[in-house]
Every structure is written in structure tokens, then in C-alpha cells.
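Visitor: Requesting a structural model of the entry that follows:
(4 chains)
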2 protein chains.
Amino acid sequence: MKVTIYDVAKEANVSIATVSNVINKKGRIGEKTRKRVHEAMEKLNYEPNMLASALTGKQTKTIGLIIPDLANPFFSELARSIEDRAHELSYNIVICSTDYQEEKENKYISLLKQKRVDGFILASGFENLERVQELMKEDIPVVIVARDYPNFSINAVALDDYMGGYQAANHLLQLGHKNIGFIALDVYSNRERIRGFKDALREHHIEPRKDLHFIEDKKQSLVKAGNISAIEYLESEEIPTAVFACNDLLAIGAIQAIKEAGLNVPDDISIVGFDNTSIATIVDPPLTTMSQPIQRMGREVMDLIISIFKGERDDEVRITLVPDLVKRKSTKEV
Amino acid sequence: MKVTIYDVAKEANVSIATVSNVINKKGRIGEKTRKRVHEAMEKLNYEPNMLASALTGKQTKTIGLIIPDLANPFFSELARSIEDRAHELSYNIVICSTDYQEEKENKYISLLKQKRVDGFILASGFENLERVQELMKEDIPVVIVARDYPNFSINAVALDDYMGGYQAANHLLQLGHKNIGFIALDVYSNRERIRGFKDALREHHIEPRKDLHFIEDKKQSLVKAGNISAIEYLESEEIPTAVFACNDLLAIGAIQAIKEAGLNVPDDISIVGFDNTSIATIVDPPLTTMSQPIQRMGREVMDLIISIFKGERDDEVRITLVPDLVKRKSTKEV
DNA sequence: CCCTTTAAGTTAAGCGCTTTACTAATAGGT
DNA sequence: ACCTATTAGTAAAGCGCTTAACTTAAAGGG
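Guide: Predicted structure coming up:
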């Protein structure tokens, strides 16, 4: 059978309370006793049962991370950076991919609640905030990452998506582009990016194209979606000279479509992406893209949730990071 | 306070045992009582505490997944496919990235043992099997995926790496290449692939190049590693006409180096990769690569570990899947 | 009509810890 | 020598559940 605290106590000739205290460095314990207990633990190869200890009110040292899709490089890189910080702080991460499906969001949240995770990091769509509000009402720490909910009081590490879109557009405008398309999903962050994008155009007295629209279908692969959207542009009356894609995967799909149509990126059409995942450097041409500080976000969001655990936060915190334009080879003056 | 089984019992006017039995569909319970209990749970918004239930000997419904690096597309895609199957079976996955560091492997395993995960899925290096044997000795279910340990009795869903290397080499040989380099990490799977690779060459009476070696440094990015290795070949006496890279990331690094040297893939040098991750279709040229059946592996490994939970396995099972050559545009006859 | 079954629950112990309140023993002060 | 502090440790309750053993009441059998 598994060795328990009782076995250790017996071996060391002390009470279980003393063993517990030694483990948790609490209470008053003599040097000799401490040593005896440690030896006993060593000898028996004792591993404390965290379930039992969590049952008495201590943390489970586990955090739920809910994201749309682990196979998407942006999220796997974000998850990795969160995991790294979590590891430093002795937490584990349980990762759940929702595919933007509310049903999965709900099921995962409920499952993780039953497992008494210490808190949630949400990076999923969650267009519907009901679930999130429920968590908050139950005093379960929640932090949002890579997504913001203005007008809603919640802890978040967000990216200034509006600014990102604005900058992307500006870059293109400075290169002299006037006929610019966009490719975006119908999710909050993308809508914000496009808002910034359009505002930038208008500041330059350019009316956004009329055929612009958001991609509704969230079940297809993003590369495919980008591909299809680009084809629409290629078949339109006036082919744009530049396209702003709201993430790198969409951008890549677009590049493929353009190449297949016998055109060249950036000579015929410039592309700017968003995220700056590792694949941005891998495609040909290397993608000019808005860089999200993924490492930084992972770290900040972990530190934020930890500070909530510690009760160091009385009011909500909203950390907004600013994306950066990374110029590579997919854009060019017109 | 959190609502417990006692609250439900009181509300429904039954004993906690009855509530427990209703939840677990055990014992004999009248239709009316069952309904009353359900209503009470509904009304109070009851969520069973899995910690408590696990403490009594039931499963935690949580599985530890240990991989080298979540940011590597092969592993994030594998993790995703495992997660999907796990979700169907109502399990959660806690993911740990080890970077091939034994220290992290050990720390993660120990942490997860304390959390009493139901079992481990290992996809990490684990050159040192000590830890794994310990787990097995303690009767904790362990399954290996994407890695095999011949001469060691363990449950595994493996890829026939030898065959993969053999096929990759054969493809190149059939295209007429004679001077072929390879790029590989010093990990078991890669060594096997190279063994197959070399055997294929020898069957064609071609002696492998003398400057072939494995990459030792596991801390740099794989793309970078592939890049460096390729440069070595480019600067060698006889530049190879083809290179076999043991994973897609290495292949991509090699392609970049070749392009930067002003040469063309596949005209000057053919490249074949390994894994067939989603990025293989994204690079330019699209990568010819050995395809690992990632979806299949994820599913098989989950089903395998579940069958172990159920005690359906008396002896160990080793499922070996065979990789497939996917021809794209990065190889060409010499 | 009495005894055995069967159905429908209940009681209470136990899972492995944490923690509060308590005890015992020694040291310190005068 | 007597009382108070202080130190080192213990006993026992409780966390929220499962489950084996038991109870009670109604039904069935002869």
C-alpha cells in the first residue's frame, strides 16, 4: 500500500501532527525531531497526498487553462510560456481546448471546478460571459489573457488589439497602399483589430472596401479559412494591393492562395499578419506581422493569478500590452 | 460556503449515502427519492468535490502528459489529439514540458504522483528509465507514446522509426541521390530513423558520409539547429544533393540555410522531413516528409491507458504504427 | 398468520491530511 | 523553592466523500 503520514509518524516515533508540521515548516519542532522525521520520510519514500491536503482547505496547486485550440501555434506557445512560469512556482496546468464551442467551455469549467483547481486562466472566446461571472461570484480566481472585455470588471492581461490593427494599417498606408483587404474571424480580438484598421484608413481618408466581412465558420482550419478569403479577394472586381490578416495562420492561407493564383507576395500583394508566432519566420516570404509578446503575457498572467491567490489584489487589474510591428519580407511599397 | 453532499442530503431529506448513491447510480433507490435528490442538487447548484471522492479510492480522472516541448508543433498536435480523446472519456490532461531535462522530468513526475493522477503518458526523452520503472513498480499505469524501448517491457504506442528512416532514404535513392546528408538529434527516435536511413543506403551500396553526426545541444531551437547543421554541409567538401532531416523543424531550418546560401530546394538540394506537422504544408517549398499518424497515436494511447485502468491488460501491449511518405515539393530527382 | 425475501434506505467508519486547543516539561525570574 | 513563560509536541476534530454492514418496512409464500 501507499505509505501515508501515519507510517512516517510511526517510523519516526512522533505524532502525525509533528510530521505534518515538519513538512509544512510550521509550529515548533526540535532539530533532532525534524531530522528523525526527514529520515523516516526518506527511508519510506513518502510522497504526501495532495488530495488529502487540498481537502483540508489548502491549494491544489493546479490551474485550469482554457484556450480555443492547442494545435494553433499562438496558443501552444502561450500555453508553454504559462506552463514555464507555473512550473517555477510549483503549479501544474491543465489545458483544455474548446474550439470556440460554448458547450465545451461549459463542460471543462464544470469539470475543473469539481477538481477544485485553484483558478482559471481563460484565453478562449467566451462570447458569453455568464460562466465567467458565475466563477467570480463563487470567488474562484479568474484571469483573462489575450482577450479583453471592456465595460466588464475582471482581471486581465490584454493586448491592445485596436492599436495593433491601427499600426498594421498604418504600415501598409505608409507603403502607399490604398486598396487594402482584411481577413478576420468573428471574435472579439479580431473585431477590435479591424476597428483600429478601419480607423487608420479613415484617418487617411480612405473608405474601407465594401466587401469586407468576418469569417463565421470556426470549425475549418485557419489556414484554409485564410485561403478561401484570399480567393474571394482575388476574384473580386478590384484586387487589393495589400491584405491585413488577423493572425499568422490566416496570413499563411492567404499567401498560399496568392501564390497559387500565380501572383507574388509582396510584389503583387502585400500581406501583414498578426501574432508573430514561430511560423511567421518559417513561411516564404517571411511574414511581416504584429508581434504579440507571448512570453511576457504568459508570465504576467501567471503572476497576476498568483497575486490574486495571495489576496494581494483588492480591485481588478488590467494589464494592457502593446503589439509591435515586425517587418519582414511580405510587405512592400506599392 | 461551498455546498456539500450534506446540504443536498438535508434539502432532499435523505442521508448522504443516498445522495452519493444517486450520483454514482449505485445501490437501490426509489424513483421518487432519486428525483428529490436531483432536484435538491439542481436547486443548490451542487458540484461534487472530486478531491474527496478521489481520496476514498476513486480515480482523479486526470492524466499526466509529459512531453519535451509544447511549443513544438509535433507535440502540441499530439497533445491536442490526446486531449480530444481524453475529453470524450471525461478525463483531463495536465501537460508538462521537460525540454529533455531529466531534472524537470523528475520534478514533474513527483508532483503529479502527489496529485494522484490516474496514470502517465510519456512522450519525453527519458533516456533514463529509472523513474519509469519506479512508477511501474508502484503500479501506476504508464504508457509511452512516440517512442519505443525495445528490450523493455512496457505499454507503448510507437512509431516504426527505423522503417521511417529507411523509407525516407529509399525515396531519395530512387530519385537518384547518392550523396545524402542527415540532420538528427541525439535522441532515441532519431537514432532509429538514422539506423534505417543508413541501412537503406548500404543496401544500395552507398557508404554514408563520414561527417554525419547527431546534434547534442538540446536547448537551442530546432529550426536554428537545422540551420546550423545545414550550413556545415554547405561548407563541406562535397555538398550533398539531398538531406534527410529527422523532423520538420530541422528540415525547415535546413531549407532556410540553403536558400540563404543562394541555392534552391529542391533544384540544388532535396530535403525530406519527418512528422508531417501542419507546418510542412506551410513552408516553401511544401515539405516532402514522413507522416506520423498523430491523430491515431493520440487516440490509441488514450484508449490503451484506459484499458489499463480497467484492468483489461495482463501483459504489456505494444502498438507500432508505420509512417507514410508524403510527397510534396521539396524533393526532386538528381 | 407467521416467517422469509426483497426493496429502500441509513449508520458509521475510513480515506490522508491540517489545525486548533491542549499538555508536559524545562527554563527563567525573584 | 515557587510561579510564570516558553518550548516541544500530541490528541482529536474535521475536510467531503464512498462503502460495507446494518435496519426497517412492505411484499410474498405456505
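Visitor: Every contact and neighbour count from this point should use C-alpha atoms.
Guide: Noted.
Visitor: Report pLDDT for A:Asn24.
Guide: With respect to pLDDT, A:Asn24 has a value of 94.
Visitor: separation between it and B:Leu173?
Guide: Distance check for A:Asn24 against B:Leu173: by C-alpha to C-alpha, to the nearest Å, it reads 63 Å.
Visitor: Look at those two and report which has more neighbours.
Guide: Between A:Asn24 and B:Leu173, counted using other C-alpha atoms under 10 Å in any protein chain shown, B:Leu173 has the larger neighbour count: 20 against 9.
Visitor: so who does that one touch?
Guide: Taking C-alpha atoms under 8 Å, 6 or more residues apart in numbering or on different chains, we find B:Leu173 in contact with B:Leu201.
Visitor: Grab the CA positions of the helix or strand encompassing it and hand them over as CSV.
Guide: B:Leu173 is part of helix B:161-174 when elements are defined by DSSP states H and E. What follows is helix B:161-174, C-alpha atoms only, in CSV (Å, rounded to 0.1, in the frame of the first residue of the first chain):
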residue,chain,number,x,y,z
ASP,B,161,11.1,4.9,-36.7
TYR,B,162,13.6,2.6,-38.3
MET,B,163,11.1,2.0,-41.1
GLY,B,164,10.6,5.7,-41.4
GLY,B,165,14.2,6.4,-41.9
TYR,B,166,14.5,3.5,-44.3
GLN,B,167,11.7,4.8,-46.4
ALA,B,168,12.9,8.3,-46.4
ALA,B,169,16.3,7.2,-47.6
ASN,B,170,14.7,5.0,-50.2
HIS,B,171,12.7,7.8,-51.6
LEU,B,172,15.9,9.8,-52.1
LEU,B,173,17.8,6.9,-53.5
GLN,B,174,15.0,6.3,-56.0
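Visitor: how far away is the nearest residue to A:Gln295 once chain neighbours are set aside from DNA strand C?
Guide: Distance criterion C-alpha to C-alpha, 6 or more residues apart in numbering or on different chains; nearest residue to A:Gln295, sequence neighbours excluded, is A:Ser81 at 5.4 Å. Separation of A:Ser81 from DNA strand C (C-alpha to the nearest atom of the strand, to the nearest Å): 29 Å.
Visitor: Mind telling me what element A:Ser81 is part of?
Guide: Per DSSP H and E, A:Ser81 falls inside helix A:73-88.
Visitor: ditto for A:Gly273
Guide: Applying DSSP H and E, one finds A:Gly273 within strand A:270-275.
Visitor: Can the helix or strand that that strand is followed by be said to contact chain B?
Guide: Moving toward the C-terminus from strand A:270-275, the next helix or strand (DSSP H and E) is strand A:288-291. No - legend: contact between strand A:288-291 and chain B by C-alpha under 8 Å from any C-alpha of the partner chain is lacking; minimum distance shown is 15.4 Å.
Visitor: any idea of the angle the helix or strand following strand A:288-291 forms with helix A:73-88?
Guide: Remark: after strand A:288-291, the chain's next helix or strand is helix A:294-309, criterion DSSP H and E. For helix A:294-309 against helix A:73-88, the angle by axes from the mean of the first three to the mean of the last three C-alpha atoms, to 10 degrees is 50 degrees.
Visitor: how far is helix A:294-309 from where the chain is centred?
Guide: 11 Å (C-alpha atoms, centre = their mean, to the nearest Å).
Visitor: Report all helices and strands that that helix contacts.
Guide: helix A:73-88, strand A:119-122, strand A:142-145, strand A:156-159 (3 or more C-alpha pairs under 8 Å, 6 or more residues apart in numbering or on different chains; DSSP states H and E).
Visitor: quick one: buried residues of that helix?
Guide: Across helix A:294-309, burial judged by 16 or more other C-alpha atoms under 10 Å in any protein chain shown covers A:294-295, A:297-306, A:308.
Visitor: show me the contacts for the residue nearest to A:Gln295.
Guide: By C-alpha under 8 Å, 6+ apart, the neighbours of A:Ser81 are A:Ile294, A:Gln295, A:Met297, A:Gly298, A:Arg299.
Visitor: centre of the chain versus the helix holding B:Leu173, how much separation?
Guide: 22 Å.
Visitor: Sort out which residues of it are buried, please.
Guide: Buried-residue list, helix B:161-174, by 16+ other C-alpha under 10 Å: B:161-173.
Visitor: Including distance to A:Leu70 and pLDDT, could those residues go into JSON lines?
Guide: Formatted as JSON lines, the buried residues of helix B:161-174 follow (distance: C-alpha to C-alpha, whole Å; pLDDT from 0 to 100):
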{"residue": "B:Asp161", "distance to A:Leu70": "25", "pLDDT": "96"}
{"residue": "B:Tyr162", "distance to A:Leu70": "29", "pLDDT": "96"}
{"residue": "B:Met163", "distance to A:Leu70": "29", "pLDDT": "97"}
{"residue": "B:Gly164", "distance to A:Leu70": "26", "pLDDT": "97"}
{"residue": "B:Gly165", "distance to A:Leu70": "28", "pLDDT": "97"}
{"residue": "B:Tyr166", "distance to A:Leu70": "32", "pLDDT": "98"}
{"residue": "B:Gln167", "distance to A:Leu70": "30", "pLDDT": "97"}
{"residue": "B:Ala168", "distance to A:Leu70": "29", "pLDDT": "97"}
{"residue": "B:Ala169", "distance to A:Leu70": "32", "pLDDT": "97"}
{"residue": "B:Asn170", "distance to A:Leu70": "34", "pLDDT": "97"}
{"residue": "B:His171", "distance to A:Leu70": "33", "pLDDT": "98"}
{"residue": "B:Leu172", "distance to A:Leu70": "34", "pLDDT": "97"}
{"residue": "B:Leu173", "distance to A:Leu70": "37", "pLDDT": "97"}
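Visitor: so which of those comes closest to DNA strand D?
Guide: B:Asp161 (42.3 Å; C-alpha to the nearest atom of the strand).
Visitor: Neighbours of the residue lying closest to that closest one once chain neighbours are set aside, how many?
Guide: Distances taken as C-alpha to C-alpha, 6+ apart place B:Arg193 nearest to B:Asp161, at 4.9 Å, with adjacent residues excluded. Residues near B:Arg193, counting by other C-alpha under 10 Å, number 26.
Visitor: Tell me the helix or strand right after the helix or strand harbouring B:Arg193.
Guide: If you go by DSSP H and E, B:Arg193 is part of helix B:188-203. Next helix or strand after helix B:188-203 toward the C-terminus (DSSP H and E): strand B:214-215.
Visitor: Quick one: mean pLDDT over that following strand.
Guide: Mean predicted confidence for strand B:214-215 is 92.
Visitor: ok, now stretch A:252-265?
Guide: 95.
Visitor: Mind checking the helices and strands packed on helix A:294-309 for the one nearest to DNA strand D?
Guide: strand A:119-122 (17.1 Å).
Visitor: tell me the average confidence for that closest one?
Guide: 96.
Visitor: Also stretch A:138-149?
Guide: Stretch A:138-149 shows a mean pLDDT of 90.
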